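Asks: could you look at this predicted model? Sequence included:
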Amino acid sequence: MTVSNLNLSSYDHDFLRTWDKSVDHLKATLAVAQTLRDLHKQGISPKVFNTGIAVSIFRDKSTRTKYSYAAAANLLGLEIEDLDEKKSQITHGETIMETVNMLSFLTRTIGIRDDIFLGVGHQYMVEVASAADWGYKNSVLNQRPSVINLQCDEDHPTQSLSDMLHLVNYFGGIEKLRDKKLTMSWAYSPSYGKPMSVPQGVIALMTRFGMNVTLAYPKGYNLIPEIEAYAGREAKKSGGAFRIMNNMEEAFDGADIVYPKSWASYGVMKKRTELLKKKDDKELLALEKEALAQNAKYSSWTCTQHLMRRTKHGKALYMHCLPADISGVSCKQGEVEASVFDAFKKETYAQAGYKPFIIAAMILLTQFGEKTPEILSRIAKRKLPLVAV
Amino acid sequence: MTVSNLNLSSYDHDFLRTWDKSVDHLKATLAVAQTLRDLHKQGISPKVFNTGIAVSIFRDKSTRTKYSYAAAANLLGLEIEDLDEKKSQITHGETIMETVNMLSFLTRTIGIRDDIFLGVGHQYMVEVASAADWGYKNSVLNQRPSVINLQCDEDHPTQSLSDMLHLVNYFGGIEKLRDKKLTMSWAYSPSYGKPMSVPQGVIALMTRFGMNVTLAYPKGYNLIPEIEAYAGREAKKSGGAFRIMNNMEEAFDGADIVYPKSWASYGVMKKRTELLKKKDDKELLALEKEALAQNAKYSSWTCTQHLMRRTKHGKALYMHCLPADISGVSCKQGEVEASVFDAFKKETYAQAGYKPFIIAAMILLTQFGEKTPEILSRIAKRKLPLVAV
Amino acid sequence: MTVSNLNLSSYDHDFLRTWDKSVDHLKATLAVAQTLRDLHKQGISPKVFNTGIAVSIFRDKSTRTKYSYAAAANLLGLEIEDLDEKKSQITHGETIMETVNMLSFLTRTIGIRDDIFLGVGHQYMVEVASAADWGYKNSVLNQRPSVINLQCDEDHPTQSLSDMLHLVNYFGGIEKLRDKKLTMSWAYSPSYGKPMSVPQGVIALMTRFGMNVTLAYPKGYNLIPEIEAYAGREAKKSGGAFRIMNNMEEAFDGADIVYPKSWASYGVMKKRTELLKKKDDKELLALEKEALAQNAKYSSWTCTQHLMRRTKHGKALYMHCLPADISGVSCKQGEVEASVFDAFKKETYAQAGYKPFIIAAMILLTQFGEKTPEILSRIAKRKLPLVAV
């Protein structure tokens, strides 16, 4: 993969959703991340900032992505400043416009996780980006900080692009992904309210690269309808395929890649968001109970060794964004059998390991746009060692 | 503004209150901050430390100042270590002497916000500075860390100096501030217990530079008497003026600058501190209720468009330390009308934007004293870019 | 002290307990720390990493060690990423294997404090180290992060080695410690459940260097039996001495060094761990009450001026890991009289001041092993100033 032949014009200041980006922009993100990872393996530092702040705003729990964002920022020379909304003066009254400007005077990037409420997370990020625009245009800010989506209600681009870079390396090139059969399947979990952004991110991204994507879930567990429709259209455009099935076994048949993962359905998420806005705790509890009971009906939707045998030559690659609900390990009965998870442990960990480099690539491309290839080549030539002495 | 002709001798290791500093020291702080800001705009890094720690101790909520301190530290090459008193072993027993020494082995600066209790915040900072002195003199510490006041019960120097640098840039020079009419006015807010340090900081600083300062508040809402008296004396010395009025409308007449902001009165603050020491929760609640009821009598003390028309040519600069209580935005009825706030949004945000550079200037001057001009000129010559590649 | 003549082979990737290390490895740790401290005094930076992460995991409160770890990381060019287990997705289910790998992609060191439960802390660190091994061997990680024990249930090596380096500097050389009489004594404190790791660390370390170590405690307050036995064996090997006494006064007789400090006995700790596992809150409360009552019987075990007069020429060095329970200062009646503590304040603070350099030495040696002397000599030659301009 190389960035030199890609059209990077209009790579804008933010990375909110993969579907806001051209295929060339996505390829560039993958290629830059791969280069940064290769350089890191060789002990070469891509530090491009002498000083600068990377603000992080986490409105939901995070281990992997929080670490990955911090590691990416550090790799490029930025320091994390975490906004703890509880310890700040941000009350219901302070506007997003104000908070964003107050946190951006010396800031290069703002990473945000806001994935709990349907219709809220992405919208918040759009407002943050627009506040940053305003501040930059009005000379409040000396530079325009990038807004990076670290998971919203719609997409989880740092995850889906890490997933894709893992596939590129696993299969030996981005062109090798064409026609590969990927099954993104719902799987049973005893927990409630897992976001839809991972499956949405995966189907919306992979269909643009000619992959043969199957989305499988029990009836009623559909994702945001517009995103399912988008995946269908993009599959046609790219020469790939997209279908939805309600049978996990059949969806596994002949798959090159399987990605079994639990999520709460669009219907439940919509209802939950309404109840949360109404602060109707009683109805919320009832909804949780109902959704868990509903899930329990599909406890057979679990990734077993038996099921894996139905995949192509019984050798499909198992993927997960982690942490997985592993039967007998992290719960009684969950998304995946321990033997399957263990066999692919190295692979799922490697899959997660792309994330710091994907985020670093997003920071470089949103900050430097078309100049990124030149900057990368200067980094490669400079050969600044990770170990400085 | 230039530092070369200023007397920087005896610029000591701490920045606790502007009234501890000579006029030359204050001018130097402004000039260094302006230089750092100009260099930053040009993409030049003033990083002066290869490594080093900036400890932060926040005993009250903060967004703007916390960020500004972190950004300033990072700009100079220091890393933040936040003391979370709850997660530390600091019990009632551990002495300030010990804590300060334990946190200073590799520390260049200690930034503190302690603004809730009258008679406590400044005193705490004095003890921290004295503990740092002891450690340095007794070879426990290899360097004397600077103590920087990030808001105490008496002063808020990083705010008042940011305010002043904003005025210098707005009016085109420090000499242009002479005789400018600044009205620092109490304004209504539905909240309770806002510190007096901002208005105290403003009147104590601006009167030293020949400004014509009016302090306006409803009867009974006076500030610490010694600080009001100080402002009066300094106005005389500097050829400026200082008066106290109990009428917001009249105070706005002909003003070049208005700074309408809520605070709790000295009387309430004194009573509150006593009750807090006694841990008399019942009386504290009664005091809060009483103070809020008292405030409500003055809900007409709000900065309206109508009022702004009474200022010089109807064009006074509106200032606020943020966040403001904006009527119809952050509360039903507050310090300022939305239309006034919106018209000056860019200005109030810019005002806040000086703070990281003011703090960085304080760190440089408290660490390097008379050597600061030489260090600044080396920074300018070195031209280390913010973007390192 | 010099590292050049020491055998550094098989200095492994972790620093978990001093008894896992050879005497040469321990001497190297002290010598490297001393060199780093000397360089710092001369204003020379030992920054060896251009970027990189230092993960910290604190499962118990900390001020001194947390700061020291952060300062050490910063001194070498690493940035702290603190794992807040409550804000992370680490539930009971996620394996240590997974968490460690997820937090190590760009990580050089993982510092851990886990000192509350007997039989848990050290075991946890062993699992973390083994997970890091697995990740490195399976190419999930580009580098093997060091695991540094910041206090476990068995040892507190950053403390005991700081203590030892303090003694080396106080007495003028490591060879001067031979036959010096050190009394590690239990002392009364009104608090409950203090870990045994400090006294265990001290007796296990000091006996290996030919010191004449006395461990004193009231009957029943013994430490982990295996560690007491180890100290006895090592004293014999090194030509030193080790004895256990149940009388504080006699233990002080003729001592060169006294280290009076409270701890909960092995018996109490064992029972407490069992009850915690059973979550038997009622019995836990009963145990606390019983243990405090037991302690109260020995309130005369306190370090007084009177007692100090029994030491060699009445001039023994008083040591403490801090914070001490000082009678009349941090509690009514505690481990030490205020007059004794005050007389040695400078010394105990200096003792604590070695810790950042000990930790930095551990990071260097665990990361670079046999190459450390060469790296140190390059640092000394490079003369990178702490102040960069």
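Replies: The structure has been received and is ready for your questions.
Asks: tell me the mean pLDDT over stretch A:258-273?
Replies: Model confidence over stretch A:258-273, given as mean pLDDT, is 96.
Asks: show me how chain A divides into domains.
Replies: A:14-155+A:355-382, A:159-352 (automatic domain parsing).
Asks: and of these, who's closest to chain C?
Replies: domain A:159-352 (2.6 Å; Cβ to the nearest Cβ). For every residue, glycine as well, the C-beta is placed using N, CA and C.
Asks: does chain C have contacts with that closest one?
Replies: Yes - counting by Cβ under 8 Å from any Cβ of the partner chain, chain C is contacted by domain A:159-352 at A:L322, A:P323, A:D325, A:I326, A:V329, A:S330, A:C331, A:K345, A:K346, A:Y349, A:A350, A:A352.
Asks: so what's the third one closest to, chain neighbours aside?
Replies: Put plainly, it is A:D325. A:G334 (3.1 Å; Cβ to Cβ, 6 or more residues apart in numbering or on different chains).
Asks: in three-state terms, label that neighbour for me.
Replies: Using DSSP: H, G, I helix; E, B strand; the rest coil, the secondary structure recorded for A:G334 is coil.
Asks: get me the contact residues on the stretch 51-200 of chain A for chain C.
Replies: A:58, A:61-64, A:66-68, A:70-71, A:74-77, A:79-80.
Asks: 7 Å instead?
Replies: Proximity of the stretch 51-200 of chain A to chain C, by Cβ under 7 Å from any Cβ of the partner chain, involves residues A:K61, A:S62, A:T63, A:R64, A:Y67, A:A70, A:A71, A:N74, A:L75, A:G77, A:E79.
Asks: list the buried residues in the longest helix seen in chain A.
Replies: If you go by DSSP state H, chain A has its longest helix at helix A:23-41. By 16 or more other Cβ atoms under 10 Å in any protein chain shown, the buried positions in helix A:23-41 come out as A:25-37, A:39-40.
Asks: wait, doesn't A:S197 sit right on A:L150?
Replies: No - using Cβ atoms under 7 Å, A:S197 makes no contact with A:L150, being 10.4 Å away.
Asks: tell me which helix or strand the nearest residue to A:A73 once chain neighbours are set aside sits in.
Replies: Nearest non-adjacent residue to A:A73, counting by Cβ to Cβ, 6+ apart: A:A54, 3.6 Å away. For A:A54, the element it lies in under DSSP states H and E is strand A:53-58.
Asks: ok, and what's touching that strand?
Replies: Around strand A:53-58, the neighbours that count as contacts under Cβ atoms under 7 Å, 6 or more residues apart in numbering or on different chains are A:66, A:69, A:73, A:78-83, A:103, A:106-113, B:70-71, B:74.
Asks: buried among those residues? Make that a ChimeraX selection.
Replies: In ChimeraX syntax, the buried subset of these is picked out as below (16+ other Cβ under 10 Å):
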select /A:66,69,73,78,79,80,81,82,83,103,106,107,108,109,110,111,112,113 /B:70,71,74
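Asks: ramachandran angles for A:E283?
Replies: phi -70, psi -30 (degrees, to the nearest 10).
Asks: residues near it, how many?
Replies: Other residues near A:E283 number 15, with proximity taken as other Cβ atoms under 10 Å in any protein chain shown.
Asks: how near is the residue nearest to it when sequence neighbours are not counted to chain B?
Replies: Nearest residue to A:E283, sequence neighbours excluded (Cβ to Cβ, 6+ apart): A:L275, at 5.0 Å. Using Cβ to the nearest Cβ, to the nearest Å, one gets 26 Å for the distance from A:L275 to chain B.
Asks: so A:L275 sits against A:L287, correct?
Replies: Yes - assessed by Cβ under 7 Å, A:L275 is found in contact with A:L287 at 6.3 Å.
Asks: tell me what A:A54 is bridged to.
Replies: A:I80, A:T109 (DSSP bridges).
Asks: tell me which of the contacts of strand A:53-58 fall in strands.
Replies: Using DSSP state E, the subset of these located in strands is A:E79, A:I80, A:E81, A:D82, A:T107, A:R108, A:T109, A:I110, A:G111, A:I112, A:R113.
Asks: circling back to that earlier point, the residues of the stretch 51-200 of chain A next to chain C into TSV, with extra columns for pLDDT and distance to C:R17?
Replies: Formatted as TSV, these follow (pLDDT from 0 to 100; distance: Cβ to Cβ, whole Å):
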residue	pLDDT	distance to C:R17
A:K61	86	33
A:S62	88	33
A:T63	87	28
A:R64	90	30
A:Y67	96	27
A:A70	98	30
A:A71	98	29
A:N74	98	30
A:L75	98	33
A:G77	98	36
A:E79	97	33
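Asks: so where is the stretch 51-200 of chain A shaky, pLDDT-wise?
Replies: For the stretch 51-200 of chain A, the stretches with pLDDT under 70 are A:88-93.
Asks: what about A:E249, neighbour count?
Replies: Neighbours of A:E249 using other Cβ under 10 Å come to 14.
Asks: what of A:S9?
Replies: Neighbour tally, A:S9, other Cβ under 10 Å: 10.
Asks: what of A:K277?
Replies: A:K277 has 11 nearby residues by other Cβ under 10 Å.
Asks: okay, it: pLDDT?
Replies: Confidence at A:K277, expressed as pLDDT, is 87.
Asks: wait, a strand at it?
Replies: No - membership of A:K277 in a strand is not supported by three-state DSSP, which gives helix.
Asks: so how far is A:L167 from it?
Replies: 38 Å (Cβ to Cβ, to the nearest Å).
Asks: same check, this time on A:M206
Replies: Distance from A:M206 to A:L167, by Cβ to Cβ: 8 Å.
Asks: what about those two, which has more around it?
Replies: Per other Cβ under 10 Å, whichever of A:M206 and A:L167 has more neighbours is A:M206, with 29 against 24.
Asks: wait, the more buried one sits on A:L182?
Replies: Yes - with contact defined as Cβ under 7 Å, A:M206 reaches A:L182; the gap is 5.6 Å.
Asks: what's the overlap in contacts for these two?
Replies: A:V213.
Asks: picking that back up, average pLDDT across the longest helix of chain A?
Replies: Helix A:23-41 comes out at a mean pLDDT of 98.
Asks: same deal with stretch A:328-338?
Replies: Mean predicted confidence for stretch A:328-338 is 95.
Asks: which residues are contacting that stretch?
Replies: So stretch A:328-338 is contacted by A:187-190, A:260-262, A:299, A:302-305, A:323-327, C:93-95 (Cβ under 7 Å, 6+ apart).
Asks: please indicate which of those residues are buried?
Replies: For these, buried by 16+ other Cβ under 10 Å: A:187-190, A:260-262, A:302-304, A:323-327, C:93-95.
Asks: fine by me, thanks again.
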